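Q: make a model of this:
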Amino acid sequence: MSIPVAIDRLAETLADFDAGYLLTTADARVKAVSVVPTYADGVLRIATPGRGSVANVGANAVVTLLYPPREAPGFSLLVDGTAVVDGDNVVVTPGSAILHKPAVGA
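A: Purely as a prediction, here's the structure:
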């Protein structure tokens with residue numbers, strides 16, 4: 001079951017989640033790191049996610065932020081976007097967001 005989230009409602013939706021995972025790739029492997037982004041002015045700022053994540057963003061700007069539910073069987077939040085490197089940090093501009101959980105009985 002999936003529910004689209006309008007980008008202009010993303011700040012409100014993020015209030016229901018804690019830490020997330022930044023998913024990046026520069027080759028065939030996905031790198032996942034736990035992050036606590038701040039959302040302001042339409043972007044998600046991630047402080048020092050690590051050298052590997054920064055290098056991946058430098059090579060491939062397409063990223064996903066995955067926020068698991070606080071309690072099962074809640075919805076996960078997936079935010080797809082493009083990222084840029086800002087020093088040791090990563091700044092993500094969201095392109096789309098969706099709340100997702102498996103359908104009952106699936």
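Q: list the buried ones in the helix or strand containing Tyr21?
A: Assigned by DSSP states H and E, Tyr21 belongs to strand 20-25. Within strand 20-25, the residues that qualify as buried are Gly20, Leu22, Leu23, Thr24, Thr25, counting by 16 or more other CB atoms under 10 Å. Yep, even glycine has a C-beta here, placed from its N, CA and C like the rest.
Q: check stretch 56-74 too.
A: Asn56, Val57, Ala61, Val63, Thr64, Leu65, Leu66, Tyr67, Pro69.
Q: out of the residues you listed, which sit inside strands?
A: Counting by DSSP state E, these place Val63, Thr64, Leu65, Leu66, Tyr67 in strands.
Q: dump those residues into a markdown table; add pLDDT and distance to Ile7 as well.
A: Below are these laid out as a markdown table (pLDDT from 0 to 100; distance: CB to CB, whole Å):
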| residue | pLDDT | distance to Ile7 |
| --- | --- | --- |
| Val63 | 98 | 15 |
| Thr64 | 98 | 15 |
| Leu65 | 98 | 13 |
| Leu66 | 98 | 17 |
| Tyr67 | 98 | 15 |
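Q: redo those as JSON lines? Include distance to Ser34.
A: Formatted as JSON lines, those follow (distance: CB to CB, whole Å):
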{"residue": "Val63", "distance to Ser34": "14"}
{"residue": "Thr64", "distance to Ser34": "14"}
{"residue": "Leu65", "distance to Ser34": "11"}
{"residue": "Leu66", "distance to Ser34": "10"}
{"residue": "Tyr67", "distance to Ser34": "11"}
